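[1] from the sequence below, what's the structure:
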Amino acid sequence: MSPVRLVARREVTERSRERSFMISTGITLLIIVAVVVVPGLLGVGDPSTYTVRVTDDASRAVAERAVALADSFDAQVEIVADPDADVTLSGGEIRAEEEPDDELVNLLQVANQEFDPNARPPLRLVTAESADPERDAMAGVAFFAILVLYGQLLTYGFWVASGVVEEKSSRVIEVLLATIKPKDLLAGKILGLGLLGFGQLVMLSVFGLAVAGATGTVDIDGDLLVACALALGWFVLGYAFYAAAFAVAGALVPRQEELQSSTSPLTMVILVSFFVGFVVINDPDGTVAQVTAFIPTTAPITMPPRIILGEAAAWEIAASIGVMLAATALLIPLAARIYSAVVLRTGSTVKLSEALRLASKQ
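    Residues are numbered from 1 along each chain as shown. You can find the predicted model right below:
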């Protein structure tokens, strides 16, 4: 394992010193601060505006009192006749299609109790859909998990491919392979960049949680920490699978200018998985979510939101991880053979069919 460790150390050292890496990390940290802090400082979305429909005189009195109290809640309330209002007050009930904002419910409850707390029981909340107060918060966590996984898999996969092409075009590969086996060089490159990506992801996660916790934007609880750990774990699984494929894409072309076309199919697969992830958030127990959780190309992005939203059974999680490990175990040896067969071909682009034929002779 000594050659692998040496190559991995070289990749971590060289990439972490690159100006582009430092700048991109700094920009990402600033984006985290902006997303977490700036909306609160600028008062984005404040005051909140709510619409209330009433069906009887008693409900109208409560709604009118809520309008008068709205300023103290830093909100605005409008009484409308539109059936699509945020809530409907009727017969001592707050009715809505889905659970309304806590701020509006609290405001209406206060307005109702101001008339006569002893004579008026609290308004009863009735929703057409079953209420889950944690659902929106966990959906937000799932969204950021998908976003982070997409960015990290695409970035570090492309770095593997560009590193291979850089060594080919500069002829450094010939010097390296004089002392290191191709499979060791590939393993070290994948391992080194994977460690760098994992370390960066850990740093961004800790920084984001610290900023969010310090500003009170979110409550740092066990569920949130588990979600962050989950994103880290699926990055490892997804990166191990995709890095091998990106290494092959890099080995097929002789120059950086041709790398874009070589990696386009992989980029499209990750992009499609990214968009499928949003479908999964909307319907985490649907057919699309269940099927894509067991496809190696999509599972690293679509399985985490299912787990975060509590829609994945333990056996499904274990099976999905097993599928990823099995697919990666099959892909890495194949990628290593293709890499060994074509990495020294610097004259022209090698077709994948030819690369497979050459690999079969290894």
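
[2] quick one, what contacts residue 227?
    Going by C-beta atoms under 8 Å, 6 or more residues apart in numbering, residue 227 touches 138, 141-142, 145, 304, 308. Placement of C-beta: from N, CA and C, glycine included.

[3] what do you get for residue 237?
    299-300, 321, 324-325, 328.

[4] please flag which of the residues you listed sit within helices.
    299-300, 321, 324-325, 328 (DSSP state H).

[5] kindly reformat those as TSV containing neighbour count, pLDDT and distance to residue 225.
    Formatted as TSV, these follow (neighbours: other C-beta atoms under 10 Å; pLDDT from 0 to 100; distance: C-beta to C-beta, whole Å):
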residue	neighbour count	pLDDT	distance to residue 225
299	23	93	22
300	28	92	20
321	15	92	20
324	22	93	23
325	14	93	24
328	19	90	26
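
[6] please identify which pair of the residues you listed lies farthest apart.
    Distances among the ones in helices among the contacts of residue 237 were taken as C-beta to C-beta; the most separated pair is 300 and 325, at 12.0 Å.

[7] so which of the contacts of residue 237 is the closest to residue 192?
    Among the contacts of residue 237, and counting by C-beta to C-beta, the member closest to residue 192 is residue 328, at 17.4 Å.

[8] list the contacts of the closest one.
    Residue 328 neighbours (C-beta under 8 Å, 6+ apart): 237, 240-241, 244, 296.

[9] just the buried residues from these, in PyMOL please.
    The PyMOL selection below is limited to those of the contacts of residue 328 classed as buried (16 or more other C-beta atoms under 10 Å):
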select buried, resi 237+240+241+244+296
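
[10] quick check: the farthest pair among the contacts of residue 328?
    Longest span within these, C-beta to C-beta: 237 and 244, 12.4 Å.

[11] from the contacts of residue 328, which ones fall inside strands?
    Residues of the contacts of residue 328 located in strands (DSSP state E): none.

[12] just curious, which of the contacts of residue 328 is nearest to residue 333?
    Looking across the contacts of residue 328 and measuring by C-beta to C-beta, the closest to residue 333 is residue 244, at 9.1 Å.

[13] just give the closest residue to the most centrally placed residue in the chain, not the sequence neighbours.
    The residue lying closest to the centre of the chain (C-alpha atoms, centre = their mean) is residue 146, at 1.8 Å. Distance criterion C-beta to C-beta, 6 or more residues apart in numbering; nearest residue to residue 146, sequence neighbours excluded, is residue 277 at 4.0 Å.

[14] show me the contacts for the one you found.
    Per C-beta under 8 Å, 6+ apart, neighbours of residue 277: 146, 150, 301-302, 305.

[15] what about 6 Å?
    146, 301-302 (C-beta atoms under 6 Å, 6 or more residues apart in numbering).

[16] can you lay out these as JSON lines showing distance to residue 98 and pLDDT?
    Output for the contacts of residue 277, formatted as JSON lines (distance: C-beta to C-beta, whole Å; pLDDT from 0 to 100):
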{"residue": "146", "distance to residue 98": "22", "pLDDT": "86"}
{"residue": "301", "distance to residue 98": "26", "pLDDT": "92"}
{"residue": "302", "distance to residue 98": "24", "pLDDT": "91"}
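
[17] could you chop this protein up by domain?
    Residue ranges for the domains of the chain, per automatic domain parsing: 2-37+134-360, 48-127.

[18] now do the strands in the chain.
    So, for the chain - with DSSP E - the strands run 48-54, 75-80, 87-90, 93-96, 124-127.

[19] quick one on the thing from earlier: quick check: ChimeraX command selecting the buried ones in the contacts of residue 227.
    Under the burial definition 16+ other C-beta under 10 Å, those of the contacts of residue 227 that qualify are selected in ChimeraX by:
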select :138,141,142,145,304,308
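
[20] now do stretch 126-138, average pLDDT.
    The predicted model gives stretch 126-138 an average pLDDT of 64.

[21] report pLDDT for residue 315.
    90.

[22] kindly apply the preceding question to residue 239 instead.
    At residue 239, pLDDT is 93.

[23] please tell me how far the closest residue to it other than its chain neighbours sits from residue 159.
    In space, not counting the residues next to it along the chain, residue 239 is nearest to residue 194; the distance is 5.2 Å by C-beta to C-beta, 6+ apart. Between residue 194 and residue 159 the computed distance is 10 Å (C-beta to C-beta, to the nearest Å).
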